[in-house]
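# Have a look; sequence and predicted model below, questions after that.
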Amino acid sequence: MGALDGRVAIITGAGRGIGREHALLFASEGAKVVVNDLGGDIDGTGEDRAPAQLVVDEIREMGGEAVANVDSVADWEGAQRLVNTAIETFGDLHVLVNNAGILRDRVLVNMTEAEWDAVMAVHLKGHFCPTRFAAAYWREQVKAGKEVKAAIVNTSSGAGLLGNFGQTNYGAAKAGIAAFTIICAMELARYGVRANAIAPLARTRLTLQTPGMDQVVAEPEDASRFDVWNPANVSPLVAYLSTEGCPFNGGVFHVAGTEVGLFQGWTLGDVVRSDDRWTVGALQAEAPKLLEGRPEVASAGTLLDQFTTEFLTRQGALPG
Ligand SMILES: NC(=O)c1ccc[n+]([C@@H]2O[C@H](COP(=O)([O-])OP(=O)(O)OC[C@H]3O[C@@H](n4cnc5c(N)ncnc54)[C@H](O)[C@@H]3O)[C@@H](O)[C@H]2O)c1
């Protein structure tokens, strides 16, 4: 018995990296999987049907059920076709894992409009489009009197939740995905749909490009040592969040190595108050109190670097 027996799942960007691991684990847990991947380069250019088809072949070889889809998640009609592929091939849809992603890192002052737009399209619109059509399908099911127990798992990033140098486009999209998830969780609960997001850390072609991560993603020299950066470490949480009875809704999870945790999101910190409307002069006197004991957010060392170093220290995996 698998934890996902009878579930039909779409996994976007499942031809490589973390998404491929999701697809293999979902199939081994009994899910029928739509393996979506347009097979592009890291920056989103190019197309290749092979990565999605190879994962489908792997799943079939191990006795599982899978079908490939090579539409772009950022394409409105493509996203409709993707959702229809699940329903037409496997008769239903229970899980949508939005995972596809690209990078176009550049410091803000040099970033081009195309670099901004491409990253927003694949990540932010690429989460919206498939979710929109999946949610419409689930609402129809409810209206037709069926009980829906569906799950959406989105892919955010520490780069968005904490900030990372050189990634205004990617970080803004990933923070947007966290907000998108929380609002999906609010809107879709009435249809029996839960929405959560993960912020993973793993060795893929993307992290080899990410500032600060490229130094620490190597495989352990001793093969018997636990591989903290293996992308397969991320997938069990995603499968768990996709199970029928999972209680989580609206969570944003840290997942990497042997760790799973919940981010606490934006919380209101210290507050200064005045007796009446603030004046600029009064704020000049009082507002700096809000800075007391706070880390210097604007410093050049990025918060994601710091987070990653702390994670590695907990895992006992800092190199040398
Ligand atoms: N690797 C990490 O440590 C890390 C950290 C935080 C977030 N993430 C996120 O995890 C997700 C997976 O990334 P990865 O590290 O496995 O990278 P990856 O490059 O190995 O995999 C991403 C896949 O998405 C596909 N893709 C890109 N654009 C697409 C589109 N428009 N439509 C369909 N498929 C498309 C690519 O072809 C690729 O196979 C991404 O959203 C990434 O931002 C990764």
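Thanks, I have it.
# How about the residues of this structure by the ligand?
Residues of the chain lying close to the ligand (Cβ under 6 Å from any ligand atom) are 12-13, 15-19, 36-40, 42, 44, 51, 72-74, 99-102, 122, 126, 155, 157, 199-202, 204-207. In short, each C-beta sits where N, CA and C put it, glycine included.
# which of those residues count as buried?
The neighbour-count test (16 or more other Cβ atoms under 10 Å) marks 12-13, 15-19, 36-40, 42, 44, 51, 72-74, 99-102, 122, 126, 155, 157, 199-202, 204, 206-207 as buried among those.
# for the record, mean pLDDT for the lengthiest helix in the chain?
When the chain is parsed with DSSP state H, its longest helix is helix 168-188. Averaged over helix 168-188, pLDDT sits at 98.
# Touching it from outside, list them.
Defining contact as Cβ atoms under 8 Å, 6 or more residues apart in numbering, one finds that helix 168-188 is touched by 98, 103-106, 108, 111, 115-116, 119-120, 123-124, 127-128, 131, 135, 138, 152, 154-157, 159-161, 163-164, 193-197, 199, 249-250, 252, 263, 265.
# Was I right to think residue 118 contacts residue 104?
Yes - Residue 118 lies in contact with residue 104 (Cβ atoms under 8 Å); the separation is 5.6 Å.
# who touches both of the two?
Shared contacts of residue 118 and residue 104 (Cβ under 8 Å, 6+ apart): 43, 44.
# low-confidence ranges in the stretch 151-300 of the chain?
Along the stretch 151-300 of the chain, the model assigns pLDDT under 70 to residues 211-212, 214-215, 295-300.
# Next, give phi and psi for residue 45.
Backbone torsions of residue 45, given as degrees, to the nearest 10, read phi -80, psi 160.
# Residue 10: how many residues sit nearby?
Look at residue 10: counted by other Cβ atoms under 10 Å, it has 30 neighbours.
# My assumption is that it lies in a helix; please confirm.
No - applying DSSP: H, G, I helix; E, B strand; the rest coil, one finds residue 10 to be strand, outside a helix.
# Not counting sequence-adjacent ones, nearest residue to it?
residue 34 (4.4 Å; Cβ to Cβ, 6 or more residues apart in numbering).
# Are we agreed that that neighbour is in a strand?
Yes - judged by three-state DSSP, residue 34 forms part of a strand.
# my guess is it contacts residue 11, does it?
Yes - counting by Cβ under 8 Å, residue 34 does reach residue 11; the two are 7.1 Å apart.
# Same drill for those two, tell me which one is more crowded.
residue 11 (35 against 29).
# what pairs with the more buried one across the strands?
With DSSP bridges applied, residue 11 shows beta-bridge pairing to residue 35, residue 97.
# residue contacts, it?
19, 22, 23, 26, 33, 34, 35, 36, 97, 99.
# From residue 175, how far off is the residue in the stretch 101-250 of the chain that the ligand sits nearest to?
Residue nearest to the ligand within the stretch 101-250 of the chain (Cβ to the nearest ligand atom): residue 101, separated by 2.6 Å. Here the criterion is Cβ to Cβ, to the nearest Å. By it, residue 101 lies 14 Å from residue 175.
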